[in-house]
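In: model the following, please.
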Amino acid sequence: MILKILKDIADFGNQLYRNIPILAPANFQRWVAIVPARDRALLDDLVNTLRRASQQFRIELAQPLVIALDGQSEQHYERAVEERVPPEAQLVVCIFPTTGRHSGYHRVKQLLCLNRGIPSQCVQSKYVIIVTSNYELFILGHFRRREC
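Out: Below is the predicted model of the structure:
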């Protein structure tokens, strides 16, 4: 009996899906996604899933400005951030290739967060798994959650 009461108190996740709007939703009208060209389909699935999930919370998520990279080196990411990310971007999502430790992570964070004040989220493509049947998004692995 006590366990059931504690479970009911602790399990508030299902209340989030009852069409109750978030008090102050963060709407993203100007956001950017940087991705290797070969992972473009993965990005499209990710964006579609995020848009469906955000609707439940009454968060508006526009289509991102997609920057598809021909190469996968640190220089490709650096050049994309410096030359193609607009200053009014609200968020930048970078999907890095799966192969090895990508040295571009630190440079992208430096350019966006420190130099330009734009929040960013970086992840390797192997850690993005979409479960479209339930409109859920799971990003597995070692996300480094940092505010900027």
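In: for residue 97, which residues are in contact?
Out: Contact analysis of residue 97 by Cβ atoms under 8 Å, 6 or more residues apart in numbering lists 36, 39, 72, 124-125. The way it works is simple: take the backbone N, C-alpha and C, and place the C-beta from them, glycine included.
In: can you show me the helices along the chain?
Out: Remark: helices assigned in the chain by DSSP state H are 2-10, 40-56, 74-84, 104-109.
In: mean neighbour count, these: which tops it?
Out: helix 104-109 (a mean of 18; mean count of other Cβ atoms under 10 Å).
In: packing partners for that one?
Out: Other helices and strands packing on helix 104-109, by 3 or more Cβ pairs under 8 Å, 6 or more residues apart in numbering; DSSP states H and E, are helix 74-84, strand 91-96, strand 120-124.
In: low-confidence ranges in this protein?
Out: 1-22, 100-102, 129-148 (pLDDT under 70).
In: with adjacent residues omitted, what lies nearest to residue 51?
Out: residue 61 (5.0 Å; Cβ to Cβ, 6 or more residues apart in numbering).
In: repeat for residue 25
Out: Nearest one to residue 25, counting by Cβ to Cβ, 6+ apart, is residue 59 at 4.4 Å.
In: for residue 51, which of the helices and strands packed on helix 104-109 is the nearest?
Out: Closest approach to residue 51 among these (Cβ to Cβ): strand 91-96, 13.1 Å.
In: can you select the buried ones from the contacts of residue 97 in PyMOL?
Out: Applying 16 or more other Cβ atoms under 10 Å to the contacts of residue 97 leaves a buried subset, and the PyMOL line that selects it is:
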select buried, resi 36+39+72+124+125
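In: format the contacts of residue 97 as a markdown table; extra columns: distance to residue 28.
Out: Converted to a markdown table, the contacts of residue 97 look like this (distance: Cβ to Cβ, whole Å):
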| residue | distance to residue 28 |
| --- | --- |
| 36 | 22 |
| 39 | 21 |
| 72 | 26 |
| 124 | 22 |
| 125 | 21 |
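In: and which of the contacts of residue 97 is nearest residue 29?
Out: Nearest to residue 29 among those: residue 39, at 24.0 Å, using Cβ to Cβ.
In: how close does the nearest residue in space to that closest one that is not next to it in sequence get to residue 93?
Out: Once flanking residues are discounted, residue 39 sits nearest to residue 125: 4.9 Å by Cβ to Cβ, 6+ apart. Distance, residue 125 to residue 93, using Cβ to Cβ, to the nearest Å: 12 Å.
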